[in-house]
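J.: Need a 3D model of the following:
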Amino acid sequence: MVKYVPRRGENGQIRAGVRRVSVKGARSRRAGVEGQGQVIVGRDVSAEIIEAGGAGPDVVARVRLHRLPPPAHVRSPGTRTPPSCRRLPHHGRVRLEAITWDRLGERLADRLLDLSPGDGSPWPRVAFDGAPAARPGDLAERVSEALRVRGRPSLVVGTDGFMRPASLRLEHGRQDVDSYYDGWFDTGALWREVFGPLEAGGTGRVLPDLWDPVTDRATRSPYVQLPPGGLLLLHGPLLLRHWFPFDLTVHVLLSPAALRRRTPEAEHWTLPAYERYEAEADPAGTADVLVRADDPRHPAWSG
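T.: All right, here's what the predicted structure looks like:
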């Protein structure tokens, strides 16, 4: 049996896009979910299971939701939604507070001190999501240093250390947007080497990286033992479209203009992937903490 729990917008309408769902009757962690690929039709949406992950009797999956046309008696053709019911972009609703990067690292570290995983794991897991031009890794490092000063261990891991080999990443060409969006990062290895050991009852023994995309060779890095209470700070792009069990998520936002301006011209071919990410995953709307970094000298955050 498949049970999906879509996120709802302010006006009570289910929003289309990729959402997190609970899947009953899973056969394995990453694949083989019973009913995977089928389309489940609800009262006002249809949902197709396109990916699954997690462990135990309940796993988390990704589905693509599609709004179904409302019955004729609910809304006649041509009727416009009243302005008061229209949903504004998330970062347009949220009041953002100006802050320095150093102060932001300290404030986030203070917040993480009290973070307690909901699944019983002794290792809180935090996402720092953002395009490479937004430099989410820099923020993760600042937070890690602030945690160290406060006596809390942490481990910073970048998804760029878990890219697939070039023979797989570039199978469909060096500038294939769909491959970049769906296949550049080895999510299976992240589950196996990073998230799996940090589950409740896990070993806490994490591999910080697996593959060097520059040399296209295995890094052969040693495992790191994260003590109970230590935090995983994972940074990288497109993180919030997966089923990773984060306990807190931070999204470093760039406007489309700023993203284009700060992305090297040779990498402009990746920009459509971030447009798709915004449309499907709504990272600014789903993250626990939003950081706007259009001007790298003057960030602002949601608090």
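J.: I'd like to know how far the residue lying closest to residue 299 once chain neighbours are set aside sits from residue 230.
T.: Among residues not flanking residue 299 along the chain, residue 293 sits closest, at 5.0 Å (C-beta to C-beta, 6 or more residues apart in numbering). Backbone N, C-alpha and C define where each C-beta goes, glycine included. Separation of residue 293 from residue 230 (C-beta to C-beta, to the nearest Å): 27 Å.
J.: out of the two, which sits in the busier spot?
T.: residue 293 (25 against 20; other C-beta atoms under 10 Å).
J.: was I right about that one contacting residue 252?
T.: Yes. Taking C-beta atoms under 8 Å as the definition, residue 293 is a contact partner of residue 252 at 5.4 Å.
J.: Can you check which residues contact both of these two?
T.: Both residue 293 and residue 252 are in contact with 130, 134-135, where contact means C-beta atoms under 8 Å, 6 or more residues apart in numbering.
J.: Just put those in a markdown table and tack on neighbour count.
T.: Shown next, in a markdown table, are the shared contacts of residue 293 and residue 252 (neighbours: other C-beta atoms under 10 Å):
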| residue | neighbour count |
| --- | --- |
| 130 | 29 |
| 134 | 27 |
| 135 | 19 |
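J.: Please enumerate the helices of the stretch 51-200 of the chain.
T.: 90-93, 101-112, 136-149, 166-169, 177-183, 187-190 (DSSP state H, counting those that start in this stretch).
J.: name the helices or strands packed onto the fifth one?
T.: The one in question is helix 177-183. helix 166-169, helix 271-281 (3 or more C-beta pairs under 8 Å, 6 or more residues apart in numbering; DSSP states H and E).
J.: Buried residues in the first one, which are they?
T.: Applying a neighbour-count criterion of 16 or more other C-beta atoms under 10 Å, one finds residue 169 buried in helix 166-169.
J.: mean confidence score for that helix?
T.: The pLDDT scores in helix 166-169 average 88.
J.: so what's the nearest residue to residue 112 once chain neighbours are set aside bridging to?
T.: Nearest non-adjacent residue to residue 112, counting by C-beta to C-beta, 6+ apart: residue 231, 6.0 Å away. Taking DSSP bridges as the rule, residue 231 bridges to residue 154.
J.: neighbours of residue 231, just the number please.
T.: Residue 231, neighbours per other C-beta under 10 Å, totals 24.
J.: which regions of the protein sit below the pLDDT cut-off?
T.: Scanning the chain for pLDDT under 70 picks out the ranges 1-93.
J.: Outline the domain layout of this structure.
T.: 2-70, 90-301 (automatic domain parsing).
J.: Comparing the ones you listed, which comes out most buried?
T.: Among the domains of the chain, ranked by average contacts under mean count of other C-beta atoms under 10 Å, first place goes to domain 90-301 (a mean of 17).
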